[in-house]
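# just to be clear, the model below is a prediction. Sequence and coordinates:
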Amino acid sequence: QGNMAFTGKYEFESDENYDAFVTKIGLPSDKIEMGRNCKIVTEVVQNGNDFIWTQHFPGGRTTTNKFTIGKEADMETMGGRSFKATVKMEGGKIIADFPNYHHTAEISGGKLVEISTSSGVVYKRTSKKIA
C-alpha cells in the first residue's frame with residue numbers, strides 16, 4: 001500500500017442504502033434526487049499525512065476537504081455544512097466523525113470504498129479508479 005495509497009481519481013461505480021442513509025441524516029429531497037446514482041468523481045491527493053479530498057459533482061459543483069491525519073481541520077459535509085473534525089488513520093482506513101455520521105474510506109482491490117454510518121444505517125459507496 002505505502003504512503004500514497006489514496007492518491008488518484010475515482011468515479012462512482014455503485015452504492016448501497018443511499019436513500020435510507022440520506023433520509024436519516026436529513027438531506028433535503030432536492031439534494032437526495034441530485035445525489036442518487038450521481039457520477040461523483042473523487043480526486044485524492046495524498047502527501048504523507050496531508051490530504052486534499054475533492055468531490056466533483058455533475059454540473060460543476062465541487063467540495064474540497066483538506067486535512068492532516070491526527071490534526072483538527074475545517075471540513076464540509078455532503079449537505080454543504082461546515083464543521084471541525086480530526087481525521088484518523090487506522091489499518092489503512094481513513095476515519096472521520098461528521099456531525100451526524102461516522103465515515104471511513106479505504107482502498108480495497110484498487111477501488112475507493114467509503115462507508116458512512118448513522119444510527120445503524122450503513123451507506124456504502126464504491127468508486128473505480130480512473131486516473
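Structure's in. What do you need?

# could you find the closest non-adjacent residue to residue 20?
Distances taken as C-beta to C-beta, 6 or more residues apart in numbering put residue 121 closest to residue 20, at 5.0 Å, once the chain neighbours are dropped. For every residue, glycine as well, the C-beta is placed using N, CA and C.

# just the CA coordinates for the lowest-mean-pLDDT helix or strand in the chain, please, in CSV.
Within the chain, confidence by mean pLDDT, DSSP states H and E is lowest for helix 29-35 among all helices and strands, at a mean of 83. Only the C-alpha atoms of helix 29-35 are listed here, as CSV (Å, rounded to 0.1, in the frame of the first residue of the first chain):
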residue,chain,number,x,y,z
SER,A,29,-35.2,15.9,-1.1
ASP,A,30,-33.8,18.0,-3.9
LYS,A,31,-30.3,17.1,-2.8
ILE,A,32,-31.3,13.5,-2.4
GLU,A,33,-32.5,13.4,-6.0
MET,A,34,-29.4,15.2,-7.2
GLY,A,35,-27.1,12.7,-5.5
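
# could you point out which element follows that helix?
Using DSSP states H and E, the helix or strand that follows helix 29-35 towards the C-terminus is strand 41-47.

# quick one, strands of this structure?
8-16, 41-47, 50-56, 62-68, 72-76, 82-86, 88-90, 93-97, 102-108, 111-118, 121-129 (DSSP state E).

# list the buried residues for the second one?
By neighbour count on 16 or more other C-beta atoms under 10 Å, the buried set for strand 41-47 is 41, 42, 43, 44, 46.

# residue 26: which of those is nearest?
residue 42 (22.7 Å; C-beta to C-beta).

# give me every residue that touches the closest residue to residue 50 other than its chain neighbours.
Leaving aside its sequence neighbours, residue 50 sits nearest to residue 68 (C-beta to C-beta, 6+ apart; 5.1 Å). By C-beta atoms under 8 Å, 6 or more residues apart in numbering, the residues touching residue 68 are 49, 50, 51, 87.
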